[in-house]
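Colleague: What follows is a protein structure lacking sequence information:
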């Protein structure tokens, strides 16, 4: 055989070699086998490697074998009737986890940020007023998202760890007349669980919808969507639910549905348009589900398993368990001479504990030491809390006294080993 | 113990029972264990079930055990250095699969639609002109996405199965002066592979960027991003790459980067803003990667494995193999007396074959019969091709003569069993 590369196209034609064998068709398409110029990368000829880690940061958490196995099952089609059955189960599992009877309950094909954009894009129209409580990174993010889509954004700001009184919230809602008020239930960047009671009533009094972020809190501390009159609630899969990141439960009240399905303009994202997503999830009452996008089938398998574990455990048990382990951990932290960042125990997020960075330590070196010597992830602050706190999460599968004791031992070791020589 | 539910809050207070034990804190937070009103759903107490299916539709395809195992591995953190290493591998794997040396190469945390929105949101500013070639569903989708974000959308339309000559493309580009021209390489709704040669040159001549959808074609038929002067190319994980749906490789040329990083306005989506995503993927040259969103760790494990398989196989081998199996399948289809929807063999997509719906058959019943009796997914048309075609995909792991023979046997059986009594 002559090497193809040395033959010109014309020479080959003259020899009556079929066009396809040299990679060209009569349309001039390169079906060509000789056109590849970039070789297979050497790194891809090595096997995938990932070390074992104790994921004791603010999430993702370690995924229990049972959920890993669910996510690793052979997939079915995203539009198969059995898949719709699994999605129906997920919907019921979210209704339980959120304590809501909202029909408009589903999971996003994406992480928590997808749910954030979905909520804002669908509820708010350009030019409308949005009020955002900012006491950590999540309020900052929602404000940024709302600004980009053309909302008039007002913020109510506290430093990380701060919370808002109902009087402060009412004053701001009355002043700015927002269509949407955003509040973070579990502020993972500060380790704060925000009081929720009465906030929904304030919003409804002023004809405003209440959007709540429970990514870091769901399953770890009480939250009751319907009773607390939350209009839009979302969470993530990778915190106390212990599924891999990539799906995000979300639910909309009837009031929220009324607003988002009576818009004058289309939401800016086709992918996140609830008109389509509600059909995909069988929530719009129509007999047929029309193809919209391809959902993460494996991710939904894993999410269903994680919601099943929560249903089996029971919300009350899960809340109680997280509180008990957190209290055990908090006592241990204080016994080490460390200071908890959130002083008021009732405002501490059980799932993510924040510790004031101890004097005489470089927090980055402190965390790197623990990662290296204990294979354990703790993290620093996030957004406005960077440089203020260390964050340690014990969520769901990771939430037990054994892990808390291991985390305390790692802290104790790092406190001994990482003190700066010239503090 | 007295049942808590029969005791009023006041009665409990009078007994000096600690507030927390009845679920209230001094902030009025319901930490309450007695507040759950929606019970665990019965469906979630049953195990996850999903049947085995031959996924011979246009995707998702069956996922090989090796990729399932990668996706089912214990996860690590989305910001761990080892995760960044895996993302670097993915980037190199995509560069190989796309045949590009573009630095701005990454995977989206979402399916193909996420890549579509990412491309349009980042490249186009409101009011700018976009030209979309519509010859199936994907052009329709891009047009919808671009309209929503405020672009002036022009379309070049052919019925499903049609393709555009370079003269037609040049005429439209010259007329509408778009900043972006969209073309689908593998139109899965029609089974068409579109000629690409010369299109990039036309776009560049008129200072227009070329955006190409290769979701259904990548790995199955030649496509050479750099040589064919494609500015933005995306694909999906769940077609010939055989990973579960939920990630989407995408790459931007330097010209595309110049346009998107010199915008006057911010992209409407924070989540899809390439300024942030390029940092997350280590493509912006900055020393630190800042938290943006939590990527689908398991999905990235699976995507890396799928790209590794392609690198081991070799693109040329993969293209040749898909063509050989497709030609075997096409011959079998014609031997059954069925008509291939795309007449010109050189324009047929090897990964997704479209068959004209045979006379005397109800296509929905035909497909339902095959699903029920052969556990095999074929699909009907999509968007404008609904009611025109049956679609059968043999991609990547599914692409072999054994599967083609099984699919042909199922077709033969359905042709015998599903003829309408009163055709």
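Modeller: All right, it came through fine. As the structure is a computational prediction, the values presented were derived from the model and not from experiment.
Colleague: residues in the stretch 101-250 of chain A within reach of chain B, list them.
Modeller: A:101, A:109-114, A:116-117, A:141, A:144-145, A:148-149, A:193, A:195-198, A:221-224, A:226-228, A:236, A:238, A:244-246 (C-beta under 8 Å from any C-beta of the partner chain). Heads up, the C-betas are built off the backbone N, CA and C, glycines and all.
Colleague: how about the strands in chain A?
Modeller: A:54-55, A:104-108, A:129-134, A:152-157, A:180-184, A:186-187, A:192-193, A:209-213, A:232-234, A:248-252, A:352-356, A:376-377, A:379-380, A:389-393 (DSSP state E).
Colleague: Pairing partners for the third one, with directions?
Modeller: Spelled out, it's strand A:129-134. Strand A:129-134 has these partner strands in its sheet, going by DSSP bridges: strand A:152-157 (parallel), strand A:180-184 (parallel).
Colleague: For the longest one, give me every contacting residue.
Modeller: Pointing back at strand A:152-157 there. Contact with strand A:152-157 is made by A:127-135, A:139, A:143, A:146-147, A:164, A:168-169, A:172, A:176, A:178, as judged by C-beta atoms under 8 Å, 6 or more residues apart in numbering or on different chains.
Colleague: Now a PyMOL select for only the buried ones of those.
Modeller: Per 16 or more other C-beta atoms under 10 Å in any protein chain shown, the buried members of the contacts of strand A:152-157 correspond to this PyMOL selection:
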select buried, chain A and resi 128+129+130+131+132+133+134+135+139+143+146+147+164+169+172+176+178
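Colleague: residues contacting the closest residue to chain B within chain A?
Modeller: Closest residue of chain A to chain B, C-beta to the nearest C-beta: residue A:72 (2.5 Å). If a contact means C-beta under 8 Å, 6+ apart, then residue A:72 has A:298, B:68, B:69, B:71, B:72 as its contacts.
Colleague: Among those residues, which lie within helices?
Modeller: Among those, DSSP state H puts A:298, B:68, B:69, B:71 in helices.
Colleague: For those residues, work out which two are farthest apart.
Modeller: Within those, two members stand farthest from each other by C-beta to C-beta: A:298 and B:69, at 12.0 Å.
Colleague: Looking only at neighbour counts, state which of the two leads.
Modeller: Applying other C-beta atoms under 10 Å in any protein chain shown to residue A:298 and residue B:69 shows that residue A:298 carries more neighbours, namely 32 against 15.
Colleague: Which residue is the nearest non-sequential neighbour of that one?
Modeller: Nearest residue to residue A:298, sequence neighbours excluded (C-beta to C-beta, 6 or more residues apart in numbering or on different chains): residue B:244, at 3.9 Å.
Colleague: That neighbour contacts residue B:61, doesn't it?
Modeller: No. With contact taken as C-beta atoms under 8 Å, residue B:244 and residue B:61 are classed as non-touching, separated by 9.8 Å.
Colleague: centre of the chain versus the lengthiest helix in chain A, how much separation?
Modeller: If each helix of chain A is counted by residues according to DSSP H, the longest one is helix A:315-335. Relative to the chain's own centre, helix A:315-335 is displaced by 22 Å; criterion: C-alpha atoms, centre = their mean, to the nearest Å.
Colleague: check whether that helix contacts chain B.
Modeller: Yes. Counting by C-beta under 8 Å from any C-beta, chain B is contacted by helix A:315-335 at A:315, A:316, A:319, A:320, A:323.
Colleague: ok, the third one to residue B:414 distance?
Modeller: Applying C-beta to C-beta, to the nearest Å, the value for residue A:319 to residue B:414 is 53 Å.
Colleague: Could you do the first one as well?
Modeller: Using C-beta to C-beta, one obtains 48 Å as the distance from residue A:315 to residue B:414.
Colleague: what's the answer for the last one, then?
Modeller: As judged by C-beta to C-beta, residue A:323 and residue B:414 stand 58 Å apart.
Colleague: More neighbours: these two, which one.
Modeller: Set residue A:323 next to residue B:414 and count neighbours by other C-beta under 10 Å: residue B:414 wins out with 23 against 20.
Colleague: okay but the more buried one is in contact with residue B:371, surely?
Modeller: No. When contacts are counted by C-beta under 8 Å, residue B:414 is not listed as touching residue B:371 (10.1 Å).
Colleague: of residue B:244 and residue B:61, who's got more company?
Modeller: Neighbour count, other C-beta under 10 Å: between residue B:244 and residue B:61, residue B:244 has more, with 33 against 29.
Colleague: How about the contacts made by the more buried one?
Modeller: So, once contact is read as C-beta under 8 Å, 6+ apart, residue B:244 ends up touching A:75, A:296-299, B:60, B:63, B:67, B:71, B:237-238, B:299, B:302.
Colleague: Make JSON lines from the strands paired with strand A:129-134 and add mean pLDDT and mean neighbour count to it.
Modeller: Shown next, in JSON lines, are the strands paired with strand A:129-134 (pLDDT from 0 to 100; neighbours: other C-beta atoms under 10 Å in any protein chain shown):
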{"stretch": "strand A:152-157", "mean pLDDT": "98", "mean neighbour count": "18"}
{"stretch": "strand A:180-184", "mean pLDDT": "98", "mean neighbour count": "27"}
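Colleague: how about the ones you listed in CSV, adding distance to residue A:89?
Modeller: Output for the strands paired with strand A:129-134, formatted as CSV (distance: least, C-beta to C-beta, whole Å):
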stretch, distance to residue A:89
strand A:152-157, 37
strand A:180-184, 28
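Colleague: nearest to residue A:418, of those?
Modeller: Among these, the nearest to residue A:418 by C-beta to C-beta is strand A:180-184 (31.1 Å).
Colleague: got the angle between that closest one and strand A:209-213?
Modeller: Calculated by axes from the mean of the first three to the mean of the last three C-alpha atoms, to 10 degrees, strand A:180-184 forms an angle of 20 degrees with strand A:209-213.
Colleague: Run through who's touching strand A:180-184.
Modeller: Contacts for strand A:180-184 (C-beta under 8 Å, 6+ apart): A:120, A:123-124, A:128, A:130-133, A:135-136, A:138-139, A:142, A:146, A:164, A:169, A:173, A:194, A:196, A:199, A:203, A:208-213.
Colleague: and that strand, how far from the chain's centre?
Modeller: The answer for strand A:180-184 is 16 Å, by C-alpha atoms, centre = their mean.
Colleague: rewinding a little: which residue is the nearest non-sequential neighbour of the residue of chain A closest to chain B?
Modeller: Residue A:72's closest residue in space is residue B:72 (C-beta to C-beta, 6+ apart), at 2.5 Å.
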